[in-house]
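*Asks:* output the structure for:
(one chain, ligands or ions: 1)
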Amino acid sequence: MNNADLVRRDLNAVWHPCTQMKDHETLPLIPFKRGKGVWLEDFENNQYIDAVSSWWVNLFGHANPRINAAIREQTETLEHAMLAGFTHEPVINLSERLIEVTPDGLNKCFYADNGSSAIEAALKMSYHYWKNHGKPGKKNFVNLGNSYHGETLGALALGDVGLYKATYQPLLMEVFTAPSPDAFNREEGESWEDYAIRQFEHMERILAEHHDEICAVVVEPLVQCAGNMRMHHAIFHTMLRKACDKYDVHLIADEIAVGFGRTGTLFACEQSGISPDFMCLSKGLTAGYLPLSIVMTTNDVYDAFYDDYETLKAFLHSHSYTGNPIGCAVALSTLDIFRDDNVIERNKALAQCMGDSVAHLADHPHVGDIRQHGMTLAIELVKDKATKTPFPFQERRGIRVYQHSITREALLRPLGNVIYFMPPYVITESQIQHLAQVATEGIDKATRD
Ligand SMILES: *Cc1c(COP(=O)(O)O)cnc(C)c1O
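*Replies:* Here you go, the predicted structure:
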């Protein structure tokens with residue numbers, strides 16, 4: 001078996017996600033043979049550091065022995081059973097543990113099997129809550145500019161990344177969009193915090209004017225990951241929580257990407273000192289192993305659906321693999337590792353190392369911004385540093401950095417012209433130094449002409 005044979009067979013049979021397949025006439029597709037820790041290995045013994053955690057899912061390395069053991073044990077006991085009318089220990093244990101570690105007030109767990117599905121469920125629940133409370137006129141949502149919440153039609157409607165959304169616009173429900181607190185757009189000399197406070201005025205105005213027709217505001221706290229890893233100050237969500245209470249509007253926190261330690265705390269909401277009405281979890285929930293997602297919500301929301309059957313107030317929503325026991329066992333093992341290995345505390349040194357390792361790039365003539373929240377760090381390439389004018393997207397500068405990285409044992413898969421590190425937490429400081437070295441070389445090459 002070699003790379004070329006597998007690539008030929010793949011390109012005959014597989015349609016890849018989020019890919020212009022014609023790119024593979026020039027960009028190599030890399031078949032992986034195995035993974036171990038931060039490393040992925042192809043069929044010709046080339047190794048690559050998985051610097052982006054395989055699209056932000058992997059937390060504790062590939063083929064993690066503890067998680068592997070948890071899966072083996074669960075498959076020997078109960079692989080799956082339906083969760084309507086029946087239950088099992090993994091789903092009970094996981095729900096109890098999550099209620100313990102998430103912000104106060106999130107007391108019920110509803111299961112789905114991927115991030116987009118969790119968003120869809122939260123949107124339906126919020127609308128249905130208001131309807132059950134005799135307010136069917138509340139049927140719109142508010143999002144932030146540059147947001148991303150998934151690819152299914154409801155989740156796509158809540159997003160604002162044109163690259164994914166524009167084509168399908170005629171199929172999507174309309175939403176109110178408040179401009180993002182994205183600190184990249186702040187004025188010269190303005191702090192992240194001041195900018196977030198200033199941007200909040202637009203949100204406040206939308207809520208003040210339209211709260212009678214609004215069910216919920218949906219946000220990605222601290223980092224808009226698919227929106228080019230743009231970041232903002234936590235105060236925005238502290239203010240948003242207050243405004244949502246004032247105007248009787250739900251707050252839905254999409255922690256699908258930022259949850260499980262990516263921003264330095266176990267959940268990003270902690271940094272704003274808030275508890276949302278709904279929190280959507282997926283990705284790191286299963287440490288990169290299996291599709292599972294959860295909508296956590298409050299007893300107040302739960303109670304709005306709790307009534308005699310014939311009132312038809314129940315939330316009649318399900319997915320075939322709801323609450324899959326193997327997925328739940330993996331998630332429990334993930335929470336065990338966080339606790340036993342003191343991961344959040346230990347990550348502080350790694351985050352510091354990540355920041356230090358690329359600090360020299362601040363002076364690079366084509367680096368417009370270096371930003372970081374905990375274990376997520378992004379470097380934005382620009383054509384003109386003074387004006388932050390972007391490179392035209394057609395030049396695909398980010399991909400050039402990627403092409404360099406694969407010759408140097410690293411997978412630095414960009415988002416447009418943004419290079420980022422979001423590594424598994426088992427990465428070492430010397431591996432971080434290596435990523436920084438490769439990123440520096442790649443950025444030099446990619447911006448030379
Ligand atoms: C990935 C992501 C989703 C969608 O999750 P899928 O499992 O890919 O459907 C939603 N919201 C955010 C913030 C994400 O990063």
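
*Asks:* from here on, contacts and neighbour counts on C-alpha atoms
*Replies:* Will do.

*Asks:* check contacts around the closest residue to the ligand within the chain.
*Replies:* When distances are taken as Cα to the nearest ligand atom, the chain approaches the ligand most closely through residue 115, which lies 3.2 Å from it. Residues in contact with residue 115 (Cα atoms under 8 Å, 6 or more residues apart in numbering) are 149-150, 256, 280-283, 292-293.

*Asks:* those residues: which two are farthest apart?
*Replies:* Of all pairs drawn from these, the one with the largest separation by Cα to Cα is 149 and 292; the distance is 15.6 Å.

*Asks:* interface residues of this protein facing the ligand?
*Replies:* Counting by Cα under 6 Å from any ligand atom, the chain comes close to the ligand at 114-116, 148-150, 220, 225, 254, 256-257.

*Asks:* let's see which of those residues end up in strands.
*Replies:* For the residues of the chain next to the ligand, membership in strands holds for residue 254, with DSSP state E as the criterion.

*Asks:* check the residues of the chain next to the ligand against residue 235 and report the nearest one.
*Replies:* Nearest to residue 235 among the residues of the chain next to the ligand is residue 220, at 13.3 Å by Cα to Cα.

*Asks:* just checking, the closest one touches residue 147?
*Replies:* Yes: under the criterion of Cα atoms under 8 Å, residue 220 is in contact with residue 147, at a separation of 7.2 Å.

*Asks:* which phi and psi does residue 377 have?
*Replies:* According to degrees, to the nearest 10, the main-chain angles of residue 377 amount to phi -130, psi 140.

*Asks:* ok, it - contacts?
*Replies:* Residue 377 sits next to 354-355, 370-371, 420-422 when contact means Cα under 8 Å, 6+ apart.

*Asks:* what do you get for residue 123?
*Replies:* Counting by Cα under 8 Å, 6+ apart, the residues that residue 123 touches are residue 216.

*Asks:* quick one: classify it as helix, strand or coil.
*Replies:* helix (DSSP: H, G, I helix; E, B strand; the rest coil).

*Asks:* now do residue 131
*Replies:* Per three-state DSSP, the local secondary structure of residue 131 is helix.

*Asks:* can you get me a residue count around it?
*Replies:* Using other Cα atoms under 10 Å, the number of residues around residue 131 comes to 17.

*Asks:* repeat for residue 257
*Replies:* Here the count is done by other Cα under 10 Å, and residue 257 has 27 residues near it.

*Asks:* wait, it sits on residue 287?
*Replies:* No: at 11.5 Å, residue 257 does not count as touching residue 287 under the criterion of Cα under 8 Å.

*Asks:* anything in contact with each of these two?
*Replies:* Common neighbours of residue 257 and residue 287, using Cα under 8 Å, 6+ apart, are residue 57.

*Asks:* endpoints of stretch 157-166, how far apart?
*Replies:* Distance between the two ends of stretch 157-166: 10 Å, counting by Cα to Cα, to the nearest Å.

*Asks:* average pLDDT for that stretch?
*Replies:* Taken as a whole, stretch 157-166 has a mean pLDDT of 96.

*Asks:* now what about it, what contacts it?
*Replies:* Applying Cα under 8 Å, 6+ apart, the external contacts of stretch 157-166 come out as 141-151, 156, 169, 172-175, 218, 227.

*Asks:* okay, residue 392 and residue 232: tell me how far apart.
*Replies:* Distance of residue 392 to residue 232, given as Cα to Cα: 24 Å.

*Asks:* what about those two, which has more around it?
*Replies:* Taking neighbours as other Cα under 10 Å, residue 392 and residue 232 compare with residue 232 leading, 25 against 12.

*Asks:* show the average pLDDT along the helix or strand hosting residue 279.
*Replies:* Secondary-structure element containing residue 279, defined by DSSP states H and E: strand 278-281. Summarised as a single mean, pLDDT over strand 278-281 is 98.

*Asks:* elements contacting that strand?
*Replies:* helix 115-132, strand 250-254, strand 293-297 (3 or more Cα pairs under 8 Å, 6 or more residues apart in numbering; DSSP states H and E).
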